[in-house]
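*Asks:* Sharing a model that was predicted from the sequence below.
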There are 2 protein chains.
Amino acid sequence: MATYARPVERLITELSKLPSIGPRSAQRIAFHVIRGKKDDAIGLAEALKEVKERIKPCVRCFNLTEAEECEICRDARRDRTAICVVEDPYDIGPIERTAEYRGLYHVLGGSLSPLDGVEPEDLRIAELVERVRKEETKELVVATNPNTTGEATALFIAAEVKDLPVRVTALASGLPVGGDLEYADEVTLGRAFAGRREL
Amino acid sequence: MATYARPVERLITELSKLPSIGPRSAQRIAFHVIRGKKDDAIGLAEALKEVKERIKPCVRCFNLTEAEECEICRDARRDRTAICVVEDPYDIGPIERTAEYRGLYHVLGGSLSPLDGVEPEDLRIAELVERVRKEETKELVVATNPNTTGEATALFIAAEVKDLPVRVTALASGLPVGGDLEYADEVTLGRAFAGRREL
């Protein structure tokens, strides 16, 4: 039995596919959209389309961008001798907000997890080693998540570049172990950056 | 400083406008969309547009519909001698799921709240009285929310139709007072329907 008109049911179904949105929240949001201004709904619809049509990985660091290279890679004021290695593009935002780091980034696209079938060749590790070699990087700050797979990935990367003239550091512990870098507060993350240790 | 590419920031901004979605959730959802299938994002975008373009209030009961009259009003198997009065269209779903009620509905569009400037003429109360008169309604089940404004609205409606040959009932208490009808579980709501009392 369809309780609501078909377009309403369809919107609830589509919203339920989003992460951490259950059927009740989906219904709430759908009715909010129906009650709300048409421009707001259209604005969200256009933003969804635009992001899928225009966003792609940066050719250098794999951060998300509209252009060939991302804003950070194109920024002449950044310290080009340092690369901070993160698992996902959304780890960059929290690090930028600490204002502790002014180098470049490298997005791996996840962490090593053989049990889930994520092997070194599934991440952008070869691309990273290539960059360190070519760009004559002086410091590699490995900022993978402070959990098992993140730490395994950090050690793997350190081993991969051990013959290159690059200092490899990791964020200081201080980050709660088992947590998610994305949720760390600016102060904790800033301190972890300031106290980064040799790997 | 824009941390993310402009289309990503735009999507996060648009998502943050939705109810119960904070900046962190908006970011999570945005990255989920970016990582996810293009068809899913387009599906949601289309559903948002469709709902704004095609959904309007039923001419009879003000439930949401694509047609002139909503599915419930058009359903010949419904008991046309009963009208259940609800505040919002999304109160109909939970009631339908109890399967305790087979009559029609009437959506008021809110509840009386003079402090917030919601007066009787802002709700579809005149339209309700007109329906009761014209459709020769035998029972009016007032299912406004079990809180101050909902109960005031119920009493106001009972007074408005007191000279008409219609039985006016309200949902049994059993619903947690101060709560929101939308969140009641089916069993509680079903019992409240079964034990409805004279108003």
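*Replies:* Okay, I see it.

*Asks:* For chain A, which element, helix or strand, carries the lowest mean pLDDT?
*Replies:* Least confident helix or strand, chain A: strand A:197-198 with a mean of 68, by mean pLDDT, DSSP states H and E.

*Asks:* max-length helix in chain A?
*Replies:* Ranked by residue count under DSSP state H, the longest helix found in chain A is helix A:38-54.

*Asks:* do it and chain B meet?
*Replies:* Yes - contact of helix A:38-54 with chain B (CB under 8 Å from any CB of the partner chain) involves A:38, A:40-52, A:54. Where you see a C-beta, it was placed from the backbone N, CA and C, and this is true even at glycine.

*Asks:* Show me what the lengthiest strand in chain A packs onto, helices and strands only.
*Replies:* If you go by DSSP state E, chain A has its longest strand at strand A:79-86. Strand A:79-86 is packed against helix A:92-98, strand A:103-107, helix A:125-134, strand A:139-142, with contacts defined by 3 or more CB pairs under 8 Å, 6 or more residues apart in numbering or on different chains; DSSP states H and E.

*Asks:* Just want the angle from that strand to strand A:103-107.
*Replies:* With axes from the mean of the first three to the mean of the last three CA atoms, to 10 degrees as the basis, strand A:79-86 and strand A:103-107 are set at 30 degrees to each other.

*Asks:* quick check: mean pLDDT across strand A:79-86?
*Replies:* Mean pLDDT, strand A:79-86: 96.

*Asks:* domain parsing for chain A?
*Replies:* Per automatic domain parsing, the structural domains of chain A span A:6-54, A:70-198.

*Asks:* Relative to B:Leu108, which of these is closest?
*Replies:* Distance to B:Leu108, taken as CB to CB, is lowest for domain A:6-54 among the domains of chain A, at 13.9 Å.

*Asks:* returning to what we had before: could you identify which of the residues of helix A:38-54 next to chain B has the most neighbours?
*Replies:* Among these, A:Val51 has the most neighbours (other CB atoms under 10 Å in any protein chain shown), with 27 neighbours.

*Asks:* Report pLDDT for the residue nearest to A:Ser16 when sequence neighbours are not counted.
*Replies:* In space, and not counting its chain neighbours, A:Ser16 is closest to A:Ala26: 4.3 Å by CB to CB, 6 or more residues apart in numbering or on different chains. The model reports A:Ala26 with a pLDDT of 93.

*Asks:* do A:Gly22 as well
*Replies:* Here the pLDDT value assigned to A:Gly22 is 88.

*Asks:* Could you check how far the residue nearest to it when sequence neighbours are not counted is from B:Ala159?
*Replies:* Of all residues not flanking A:Gly22 in the chain, A:Ser16 sits nearest, at 7.1 Å (CB to CB, 6+ apart). With distances taken as CB to CB, to the nearest Å, A:Ser16 is found 41 Å from B:Ala159.

*Asks:* Equivalent analysis for A:Ala26, please.
*Replies:* According to CB to CB, A:Ala26 stands 38 Å off from B:Ala159.

*Asks:* More neighbours: those two, which one.
*Replies:* The neighbour count for A:Ala26 versus B:Ala159, taken as other CB under 10 Å, is higher for A:Ala26 (18 against 11).

*Asks:* The more buried one contacts A:Leu15, correct?
*Replies:* Yes - look at A:Ala26 against A:Leu15 with CB atoms under 8 Å: they come within range, at 3.9 Å.

*Asks:* Return the residues in contact with A:Glu139.
*Replies:* Counting by CB atoms under 8 Å, 6 or more residues apart in numbering or on different chains, A:Glu139 makes contact with A:Thr81, A:Ala82, A:Ile83, A:Gly103, A:Val166, A:Arg167, A:Val168, A:Thr169.
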